[in-house]
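Enquirer: 3D model of this:
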Amino acid sequence: MPGCQCASALAGQVQLRDRDGEVIQASALVSMDFSYLVRQGLRSAQDPRIQDTIAVVDRMLYGDRWEGVDYRVALGHADQQRALSSFG
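Expert: The predicted structure is shown next:
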């Protein structure tokens, strides 16, 4: 992804206001939840925000297994570090 600021953005921290200000790694927020917006017709699959999110999800959650494609549900710390280092 030329010019992508994904690695630096995902290396940051996010304060969760609905959890008494708990602070977590931004990369811990990566999930497939956004796809609900497309399934319900609230966003087009061609929306740049959806396309950008797909690129991040593919980099961080995608796994190619002998059984087929696999998307990890949750990342552990080591997985996050490997995924972030792949953004180069």
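Enquirer: separation between Ser44 and Gln51?
Expert: Applying Cβ to Cβ, to the nearest Å, one obtains 10 Å for the distance of Ser44 from Gln51. (Glycine included, C-beta is placed from N, CA and C.)
Enquirer: the helices in this protein, which residues?
Expert: Applying DSSP state H to the chain gives helices spanning 6-10, 35-39, 48-60, 77-85.
Enquirer: would you mark the buried spots in the third one?
Expert: The neighbour-count check on helix 48-60 (16 or more other Cβ atoms under 10 Å) flags Ile50, Thr53, Ile54, Val56, Val57, Arg59, Met60 as buried.
Enquirer: report whether the expected contact of the second one with Tyr36 is present.
Expert: No. With contact defined as Cβ atoms under 8 Å, Thr53 does not reach Tyr36; the gap is 11.7 Å.
Enquirer: related to what we said a few turns ago, just the buried residues of helix 48-60 now: which is nearest Ile24?
Expert: Using Cβ to Cβ, the shortest approach to Ile24 within those belongs to Met60, at 14.8 Å.
Enquirer: my read: the closest one touches Ser27, true?
Expert: Yes. Between Met60 and Ser27 there is a contact at 6.8 Å, judged by Cβ under 8 Å.
Enquirer: quick one: Asp20 from Gly12, how far?
Expert: Using Cβ to Cβ, Asp20 is found at 20 Å from Gly12.
Enquirer: low pLDDT regions in the protein?
Expert: Counting by pLDDT under 70, the chain has low-confidence residues at 1-9, 69-88.
Enquirer: apply 90 and report the result again.
Expert: Filtered on pLDDT under 90, the chain yields the residue ranges 1-35, 52-88.
Enquirer: perfect, that will be all.
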